[in-house]
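Participant: need a structure here:
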Amino acid sequence: MNTYGPPPQLKATPHRGFTLVEVLIVLLIMSIMAALSWQGVSTVANTLKITQDHEISLSSIESSFSQWQSDLDATLPLMPAPNVSSMNWDGKVLRLVRKAPQVGNSPQDPGYQVVAWSARTLSSEELMPLGPQFVPGLYWLRWQSQAFSSTRELNDYMEMANVWSQTASAPIKSRETVLFPIVQWQIYFYRDNAWSNALSSAGSSSELNANSNSTSNSSAANNSNPNTISTTSNSNASLSSSSPTQAASPANLVQQLPSGIRLKIYMPNTSVVDQLAPEEATGANDGSITLDWARPNFTPVRS
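Facilitator: Reported below is the predicted structural model:
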């Protein structure tokens with residue numbers, strides 16, 4: 001007798017899916033994770049942009065100071081044309097007559113060049129071609145003329161530089177370079193073994209006595225040929241002129257080129273100042289940069 005019955009029937013286990021609430025919870029968690037990850041990516045991108053802008057600002061400041069030093073080094077103690085000196089500071093614009101840069105390996109004399117440094121408030125329309133990182137405000141500017149060799153052009157470019165610092169027209173502004181934003185800038189001259197306001201009438205009697213013999217020889221040479229403007233440097237270049245020029249006294253020559261020039265610029269953002277080299281960041285604690293320049297042939301007077 002068979003005591004075993006028929007095999008039991010296997011019951012299929014039903015497959016249970018996700019409920020709507022579970023799906024919504026998962027979607028919520030994924031949304032939060034996506035938002036957090038996007039915020040991290042956005043933070044990294046913003047940090048990268050800020051770093052790049054900071055590096056560009058720092059590079060612009062350093063290159064501007066390098067150009068400032070180069071202009072002063074190339075400034076020549078010229079016998080001025082009528083009413084024109086090789087260095088002029090009126091509290092708003094510093095105008096210099098410098099040796100023009102040599103182009104390539106050309107043996108020709110490059111002549112002279114007038115450069116001007118000033119500050120002017122620029123509007124958003126003026127800054128638009130420069131990029132979105134330039135915002136309206138006060139900017140340090142540099143202007144340069146074309147190379148020239150005659151005293152007539154010298155007078156014209158000196159006057160053009162003065163006009164540029166006040167109400168520059170489009171043709172004149174085309175030769176300017178926008179450097180970086182500032183709050184204020186000041187210039188001091190080193191005279192009589194002390195720094196003084198560049199606009200003061202302080203003389204340089206000790207230097208006059210020390211240099212009178214050397215500069216008077218240049219004056220005598222200039223008087224022998226009134227159609228040239230001689231220099232007290234080692235350069236043999238001279239400006240040709242269609243009319244006689246006025247020879248300057250040794251006193252005027254010394255006052256044109258002081259023993260030293262101190263530039264002090266107050267910056268709107270001290271974070272850039274903190275990144276400068278120590279020798280360039282003098283006075284950085286008050287948000288300013290101080291840069292000193294000494295005349296190459298200056299000899300300190302020791303008491």
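
Participant: so where do the helices sit in this structure?
Facilitator: Ranges of helices in the chain, per DSSP state H, are 20-74, 124-127, 151-167, 170-173, 205-224, 250-256, 270-273.

Participant: quick one: which of the ones you listed has the weakest pLDDT on average?
Facilitator: Of all those, mean pLDDT reaches its minimum on helix 205-224 (a mean of 36).

Participant: Buried residues, the longest strand along the chain. List them.
Facilitator: Longest strand in the chain, counting residues (DSSP state E): strand 112-122. Neighbour counts over strand 112-122 (16 or more other C-beta atoms under 10 Å) mark 112, 113, 114, 115, 116, 117, 118, 119, 120, 122 as buried. Any C-beta I mention is one placed from the backbone N, CA and C, and that applies to glycine too.

Participant: Now do that strand and helix 20-74, the angle between them.
Facilitator: Between strand 112-122 and helix 20-74, the angle comes out at 140 degrees (axes from the mean of the first three to the mean of the last three C-alpha atoms, to 10 degrees).

Participant: okay, strand 112-122 in CSV with CA atoms only?
Facilitator: Extracted in CSV, the C-alpha atoms of strand 112-122 (Å, rounded to 0.1, in the frame of the first residue of the first chain):
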residue,chain,number,x,y,z
TYR,A,112,63.4,110.3,-27.7
GLN,A,113,60.0,109.7,-26.2
VAL,A,114,57.7,111.5,-23.8
VAL,A,115,55.9,109.3,-21.2
ALA,A,116,53.3,110.4,-18.7
TRP,A,117,52.0,108.8,-15.6
SER,A,118,48.7,109.9,-14.1
ALA,A,119,45.4,108.7,-12.5
ARG,A,120,41.9,109.2,-13.8
THR,A,121,38.4,107.9,-12.9
LEU,A,122,37.2,105.6,-15.7
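
Participant: tell me what that strand is packed against?
Facilitator: Strand 112-122 makes packing contacts with helix 20-74, strand 93-99, strand 137-144, helix 151-167 when contacts are defined by 3 or more C-beta pairs under 8 Å, 6 or more residues apart in numbering; DSSP states H and E.

Participant: Pick the most buried one from those.
Facilitator: Ranked by mean neighbour count, the helices and strands packed on strand 112-122 are led by strand 93-99 with a mean of 23 (mean count of other C-beta atoms under 10 Å).

Participant: other SSEs contacting it?
Facilitator: Secondary structure elements in contact with strand 93-99, counted by 3+ C-beta pairs under 8 Å, 6+ apart, are helix 20-74, strand 87-89, strand 112-122, helix 151-167.

Participant: what about residue 101, distance to residue 114?
Facilitator: Residue 101 sits 13 Å away from residue 114, taking C-beta to C-beta, to the nearest Å as the criterion.

Participant: Check residue 40 too.
Facilitator: Going from residue 40 to residue 114 by C-beta to C-beta gives 53 Å.

Participant: Ok, residue 85 next?
Facilitator: In this view, residue 85 and residue 114 are 12 Å apart by C-beta to C-beta.

Participant: can you check residue 186 too?
Facilitator: As for residue 186, its distance to residue 114 is 22 Å (criterion: C-beta to C-beta).

Participant: Residue 150 now?
Facilitator: Taken as C-beta to C-beta, the span from residue 150 to residue 114 is 13 Å.

Participant: what residues are up against the residue lying closest to residue 94 once chain neighbours are set aside?
Facilitator: Leaving out its chain neighbours, the residue that sits closest to residue 94 by C-beta to C-beta, 6 or more residues apart in numbering is residue 117, at 4.6 Å. By C-beta atoms under 8 Å, 6 or more residues apart in numbering, the residues touching residue 117 are 68, 71, 93, 94, 96, 140, 141, 142, 143.

Participant: How about residue 101?
Facilitator: Contact analysis of residue 101 by C-beta under 8 Å, 6+ apart lists 74, 110, 113.

Participant: Then residue 268?
Facilitator: Counting by C-beta under 8 Å, 6+ apart, residue 268 touches 137, 181, 182, 183.
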